[in-house]
Structure formats: structure tokens, C-alpha cells
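> Below: sequence and its predicted model.
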Amino acid sequence: MSELQITFLGTGTSVGVPMIGCDCETCRSTDPRDKRLRSSIYVETPECAFVVDTGPDFRTQCLRENIRKIDAAVYTHPHMDHVTGFDDLRRFTIPEEAVMPIYALPTCLTVLETMFSFSFNGTNRYRGYLKPVSYPVLGPFKLGETEIIPLPVQHGKVETVGWLFQRHGKKLCAYLSDMKEALPGTVELMRGVDTLIVDALRHTPHTTHMNFTEALEFREAVAPRQTWFTHIQCEILHERDEKTLPPDVRIAYDGLKLEW
């Protein structure tokens, strides 16, 4: 097995692609790469498997990728398109004694514990129910042999992080699905990373997300070997727009797998 494998469960923005009520070229596209569920990734290592974010499409994504094992859930921030599939984690805590470790910033955990109080309040510890255990992220932590390092970013008014996945001292991948700009020190944490997965919403500017131009500038600052754009809006048509990018920059799509 590879040291690290990432499957893109979803690569779309908060409304998904196609978007309800939209008749643009992308929303009418028959290219499967233009069908984008809400952004999330599934990470597999020799020791364990975990998901980053569980949006409203999480059940569909698990069925599509035939996911049978999740040992933990990691969250970037508590916006609805990243958390509302939380209860579908119940399929991975079927035995009465099984629990699901939940790793997130304290502010994100507070939102999850409020939204899904029926899971966190300790009164529903039955077989088949979701039984989460909170682990507030205050710095780097490990799942198996993978060190997971929080990458603080600015994304609207909610505290948000990306994640750096490092194994045996090697910075394999940085995942920043939602960001407008990096906070001080974040780029230095990623220095030397092999692969950057980064928010690149569309061509036109946005107040809380990077557009293609900003994402390319951010990639220049980080200087990874390869870059993949994610959290894509329907302004982007995969086949047309990927051709405009440098050779080491690609547009991710649902179901794509990367390995190290």
C-alpha cells in the first residue's frame, strides 16, 4: 500500500455543480469532471483512514467510493457545506462500544456539539448510533504515522484551517479547501511540500475564496511540485479552463485519487 492516498470525495463549492436553477455551459455539461459534490477528501494510510469534512453529500460520496472504513473525522471549519453530513458517520460506529474521534479547532467543535447535541450529549450510546469523541486541535497531532499540522487561513468570519499531511518527516500534501489568504506563518509551515491542494473558486474575484489568479500566486509562494485546484464553482468548465493553467497545475475532480 502507498504511504498516503487521497480520494477527492467532492470538489465543488457550497451549492455544488450543477447548481439548482442554472443553465450555464458548465451546469449543462456532460463531462463527468463538471459534476461536483461539496468539497471533502478521504485519506488512507497503512495504519488508518480518515475523512476531512462531511458535507451534505457525504452519504452519496461514501457509496460512490465504496468506503467501508473511517477511523476519524477531521474538520476545516463549521460552514454548512462541510459539516451537515456529520450524522452519516454513524455507519462507522455501529457496535455499541465503537466511537468516532472528531478533530477540529475548539470553535468548530463548539458548533458541531451544538448542531448535533443528540450525538455528543452521551445519552444515545446505542448500537448503530453515532458516538463521537471530541479532540480539540491546539497544534499538530497524529493519526497513525501521519502527522497532521493545522494551517491557519482567512476565510470570511469563521476560524478556518487547512491541513498539512506529513509522514516520516516528509511533507506530502497540504489541503486548503477554503481560504482567501494565508495567515502569518502558514506558507512557512508548507515550505517543501510535494503537493498543494488549494481553493480556486472561479476566475472572477470573491470576498472569501481565492480565484484562479490568486491561487496561482499562492502556489508561487509555496512552490510545491504539483498543485490541484478544488472548491470549484460553475464559472469553471474543466476541459476549457485546465488548458489555460501551467503544466504543474491541474483542476481536481470528484473521484480523483492521488498517491505518495
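Perfect, I can see it now. Residues are numbered from 1 along each chain as shown.
> going forward, measure contacts between C-alpha atoms and count neighbours the same way
Noted.
> Distance check, the spatially closest residue to Met19 that is not a sequence neighbour against Ala252.
With sequence-adjacent residues excluded and distances taken as CA to CA, 6 or more residues apart in numbering, Met19 is closest to Cys27, at 6.5 Å. According to CA to CA, to the nearest Å, Cys27 stands 17 Å off from Ala252.
> The stretch 101-250 of the chain: helices as residue ranges?
106-115, 117-120, 186-190, 212-222, 238-242 (DSSP state H, counting those that start in this stretch).
> For Gln5, the count of nearby residues, please.
17 (other CA atoms under 10 Å).
> Helix, strand or coil: sort out the residue nearest to Met19 for me.
Secondary structure state of Cys27, per DSSP: H, G, I helix; E, B strand; the rest coil, is coil.
> any residues touching stretch 233-245, and which ones?
The contact list for stretch 233-245, computed with CA atoms under 8 Å, 6 or more residues apart in numbering, reads 12-13, 16-19, 24-27, 33-34, 201-203, 250-251.
> Report the buried members of those.
Burial by neighbour count, judged by 16 or more other CA atoms under 10 Å, picks out 12-13, 16-19, 26-27, 33-34, 201-202, 250-251 from the contacts of stretch 233-245.
> farthest-separated two in those residues?
Using CA to CA, the buried ones among the contacts of stretch 233-245 span at most 22.3 Å, a distance reached by Met19 and Arg250.
> Confirm that Leu63 sits in a helix.
Yes: inclusion of Leu63 in a helix is indicated when three-state DSSP is applied.
> Lys142 and Trp163 touch, don't they?
No: counting by CA atoms under 8 Å, Lys142 sits too far from Trp163 to count as a contact (11.9 Å).
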